[in-house]
Every structure is written in C-alpha cells, then in structure tokens.
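generate coordinates for the sequence data below:
(chains A and B)
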Protein chains: 2
Amino acid sequence: MPLATSYDASLPDWLIDDLESLPKVLPTVPERMRLVNELADRNWRAGNGGPFAAIVVDDATGELVSVGVNVVLSSGLTASHAEVTALSLAQRSLGRWDLGADGADLSLVVNWRPCVQCYGATMWSGVRSLVVAGEGPLLEELTGFDEGPMVRDWAAQFEQRGIRVTIGVGYDDALAVYRAYGASDSVVYNARGAVETT
Amino acid sequence: MPLATSYDASLPDWLIDDLESLPKVLPTVPERMRLVNELADRNWRAGNGGPFAAIVVDDATGELVSVGVNVVLSSGLTASHAEVTALSLAQRSLGRWDLGADGADLSLVVNWRPCVQCYGATMWSGVRSLVVAGEGPLLEELTGFDEGPMVRDWAAQFEQRGIRVTIGVGYDDALAVYRAYGASDSVVYNARGAVETT
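Residues are numbered from 1 along each chain as shown, chains lettered A, B, ... in the order given. Okay, here's the model as predicted:
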C-alpha cells in the first residue's frame, strides 16, 4: 500500500450550502454562541460527527472569520473536531498560521470547554480569546464522550499566554443539545476511551 | 471575504520524493525511532516546521503505515504537528478514523512526548501504543517551544485507555536534533506562548 502524502477535511454540504445565509457580523457574544449551539445541534443530526461547533470571529468588529463543526465521521480524521476545523479554516482564509499576527484580536467561540487536543490547538493558533458555553464533567455524562485529562488551572494557563477566557455563555442551550444527543443512538466515536473511563 | 470550506496539509516535497526509498518494514523499536530522529532533523533544516517527526507502524509486523513531520510553516496550519500529520495520513491510508478498529495494533513513534494538542490527538486516534524518545522540560529548554500544560500522570492516563507507553528510545539522538535546532536561528512558530512562559 503506498503511503499517503496529504489529507484534507471539508465542511459538510449542508453547512456549505448555508454559509451565504449566515450573518456576516455577530456583534455580541451571546449572538455568537447562539450560532454555535445551532450548528452543533444540526451537525450531529446530520451525521457528520459529534454535537460540537466552533466559530472564529474578530472580537472587536464581530466579523465572522470561519465556521467549524465536528467532522470526524465525514472526514475520517479523528483530529477534525469543531475547534481544529474552525481554526484551520480561519488560517486558510487569512493565509497565515498565526491568527494573532499584526495585532489581530480573534476569538474562538465553542459550545463547551475544548477537549485536551483542542485545548492545545487553541493555544497554538494565535486566537486571543476563548468563549465557552460551559466546562466540567456534565458534557461527558450527557454524551458519553471522553474529553481527556486536563490540568485543573486550564483557564489560568490560557490567560498566562495572553488568551482571555469567558465561561458560561449560552449554557442552557448547550446542555439542551447534549441532552438530545445523549438520548439518541449516535456513534460516540472515541468509544473505546469513553467506555473505559466513564 | 468568503468563508473557507476546506483545508488540507501535505508532506513536504523532499519527503514525498523519499517515500519510495524508506524501509517498508521496521521490525524493532530502535529502528523506528532512528527513522523518526532522522526525519525530524531533515525537517527543520528544510524549513517546513519544527524539528519533529512521527511515524505510525504496525507494532506486530513493523509495517510502516504513515510518515509525518511538522508542517506548520509549509501548510500554514498550527494543528499540523508531526503527530497529527502522521495520524491523519494513517487514517487516510487505511480509510477509517479508528486506527484501532478490527483489532489493529498500531504504534505511534515520536521524537518526544507529544505537546498537549498531540497528547489528545494520539488519545483519540485509535493507536494502541506510543513510543517517545524522551519527556520533560529539556525539549522546551533546548528549542524554545512551549509544549503546553500537561497532567502529571499523562502516561498512566494513556495506559488507562488501553494505550501502552514506552519512554526513552533514541534519547541521545533526539537531543542532538534539538540542540542543533536551538543553535540555529529557526522560527519558533508558537513564539508568543514560548516567550511568555519560558
């Protein structure tokens, strides 16, 4: 078997079809999270991956820079969580690996605290702030996903690196998505880990 | 600016050109790490990204499944560390997101303990073992990279999830690569974090 030399991931068709109709600007943080929670709910129902979405916005202007959802199942890549997808697409759009270059103040908005992989992905991306709907084990309890081992002072570690953290925006809406997902028979794609740790 | 809908990453040309000449089978763990250390050294000298490489091999047969290097600079994506590249290419080659499906016993071999992002990426990939040349702050001291906040019992957390961990293979060779890199004037691409935390 020849070795693979490249890999790629795409947004799902339903989201590509909808990009034109998304707001170009999301001035307030609750508006941003509302979009994220909506996309997360649509994503798992469409079968692309887990109930997770993320967007990158310019924190000052609210301009929408990228939209990501979890595409593990549709892309076949376990790394393509919503955060990695949104951050990578923002880097593609802007044509640079450092989203914080030239004083840019970009914000990643996600419907829960990132898993340990995406914790690092966020840290290395150059975004200057992170907004999450919630944190803690409730996500794992409701969905069966394993979020991985995280340091206790995860938010302080972001702040030390110049990344502001806001927790608790759109919390109830996020939980409603996880509850609906947990009540379905969807694939928990990191099943081995989840089974052994919950 | 239209929103991006897909992203991709490729191995660098020098490595694609060399794939045919790589051994198809690497029976022993030291042989596997020797290849990783060699590729890591070539990678930073070629300017593709940091001094990091990773391979996925079938642990029983030694068959080489994928080869990855850090392509942050050449791909423009901060997530495309050596581990994510190797794991994603293995998933492409095998056509599935779960590298551990059907009893497969695949091993990820890397020239240091993964950063926090790749810690998670490894955990979710389905590999059943991880081999690293070393762990601890020496890498950060020699290169200036920030590896991120990691739980103390990182190896035990892997073991709890059915992923065996081997530490210390090819240690001296790995350090030689980092020393050469640190003595150069290469870009430390997560510079903001590194500057603020070292």
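
now residue A:63: closest residue in space that isn't a chain neighbour?
residue A:25 (5.6 Å; CB to CB, 6 or more residues apart in numbering or on different chains). Where C-beta positions appear, they are placed from N, C-alpha and C, glycine not excepted.

so the one you found touches residue A:62, yeah?
Yes - the criterion here is CB atoms under 8 Å, and residue A:25 meets it with residue A:62 at 4.6 Å.

so which of the two has more stuff around it?
Between residue A:25 and residue A:62, residue A:62 has the larger neighbour count (other CB atoms under 10 Å in any protein chain shown), namely 17 against 11.

now do the contacts for that one.
Residue A:62 sits next to A:25-28, A:31-32 when contact means CB atoms under 8 Å, 6 or more residues apart in numbering or on different chains.

can you rerun that using 7 Å?
Listed by CB atoms under 7 Å, 6 or more residues apart in numbering or on different chains, the contact set of residue A:62 reads A:25-27.

distance of it from chain B?
14 Å (CB to the nearest CB, to the nearest Å).

now that residue. Nearest residue, chain neighbours left out?
Residue A:62's closest residue in space is residue A:27 (CB to CB, 6+ apart), at 4.1 Å.

before we move on, what about residue A:181?
The nearest residue in space to residue A:181 (CB to CB, 6+ apart) is residue A:51, at 4.2 Å.

and the contacts of residue A:62 as JSON lines, adding secondary structure and pLDDT?
JSON lines is the format used below for those (DSSP: H, G, I helix; E, B strand; the rest coil; pLDDT from 0 to 100):
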{"residue": "A:25", "secondary structure": "strand", "pLDDT": "98"}
{"residue": "A:26", "secondary structure": "coil", "pLDDT": "98"}
{"residue": "A:27", "secondary structure": "coil", "pLDDT": "97"}
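
residue ranges in chain A under the pLDDT threshold?
Within chain A, the ranges that satisfy pLDDT under 70 run A:187-198.

can you give me the helices in it?
With DSSP state H, the ranges of helices along chain A come out as A:13-18, A:29-46, A:72-75, A:82-94, A:116-125, A:138-143, A:154-160, A:171-182, A:191-197.

I'd like those laid out as CSV, including distance to residue B:47 and mean neighbour count.
Output for those, formatted as CSV (distance: least, CB to CB, whole Å; neighbours: other CB atoms under 10 Å in any protein chain shown):
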stretch, distance to residue B:47, mean neighbour count
helix A:13-18, 34, 14
helix A:29-46, 36, 21
helix A:72-75, 28, 23
helix A:82-94, 18, 27
helix A:116-125, 19, 28
helix A:138-143, 40, 18
helix A:154-160, 30, 16
helix A:171-182, 42, 19
helix A:191-197, 36, 16
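
turn these into CSV, columns for distance to residue A:109.
Formatted as CSV, the helices of chain A follow (distance: least, CB to CB, whole Å):
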stretch, distance to residue A:109
helix A:13-18, 16
helix A:29-46, 5
helix A:72-75, 20
helix A:82-94, 9
helix A:116-125, 11
helix A:138-143, 16
helix A:154-160, 14
helix A:171-182, 11
helix A:191-197, 25
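
and of the ones you listed, who's closest to residue B:167?
Closest approach to residue B:167 among the helices of chain A (CB to CB): helix A:116-125, 19.0 Å.

chain center to that closest one, what's the gap?
Distance of helix A:116-125 from the chain centroid (CA atoms, centre = their mean, to the nearest Å) equals 10 Å.

now do stretch A:43-60
6 Å.

tally of neighbours for the residue nearest to residue A:153 when sequence neighbours are not counted?
The spatially closest residue to residue A:153, leaving aside those adjacent along the chain, is residue B:149, at 7.4 Å (CB to CB, 6+ apart). Under the neighbour criterion other CB under 10 Å, residue B:149 is assigned a count of 21.

check contacts around residue B:149.
With CB under 7 Å, 6+ apart, residue B:149 has these contacts: A:151, A:154, A:157, B:116.

so can I have TSV of those residues showing distance to residue B:108?
Converted to TSV, the contacts of residue B:149 look like this (distance: CB to CB, whole Å):
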residue	distance to residue B:108
A:151	22
A:154	24
A:157	25
B:116	16
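
run a quick neighbour tally on residue A:51.
For residue A:51, the neighbour count with other CB under 10 Å is 30.

I'd say it and residue A:178 touch.
Yes - counting by CB atoms under 7 Å, residue A:178 is a contact partner of residue A:51 at 6.2 Å.

which neighbours do the two have in common?
In terms of CB under 7 Å, 6+ apart, residue A:51 and residue A:178 are both contacted by the residues residue A:143.

what is residue A:58 paired to in the beta sheet?
residue A:106 (DSSP bridges).

what's the neighbour count on it?
Count around residue A:58 with other CB under 10 Å applied: 15.

try residue A:153
11.

quick check on it: phi, psi?
phi -90, psi 40 (degrees, to the nearest 10).

now swap in residue A:77 and tell me
The phi/psi pair for residue A:77 (degrees, to the nearest 10) is phi -120, psi 120.

tell me which residues touch the residue nearest to residue A:181, please.
Contacts of residue A:51 (CB under 7 Å, 6+ apart): A:40-41, A:43-44, A:143, A:177-178, A:181.

about what we covered before: just send the contacts of residue A:62 back as a markdown table, with distance to residue A:91 too.
Formatted as a markdown table, the contacts of residue A:62 follow (distance: CB to CB, whole Å):
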| residue | distance to residue A:91 |
| --- | --- |
| A:25 | 21 |
| A:26 | 20 |
| A:27 | 24 |
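
perfect, that will be all.
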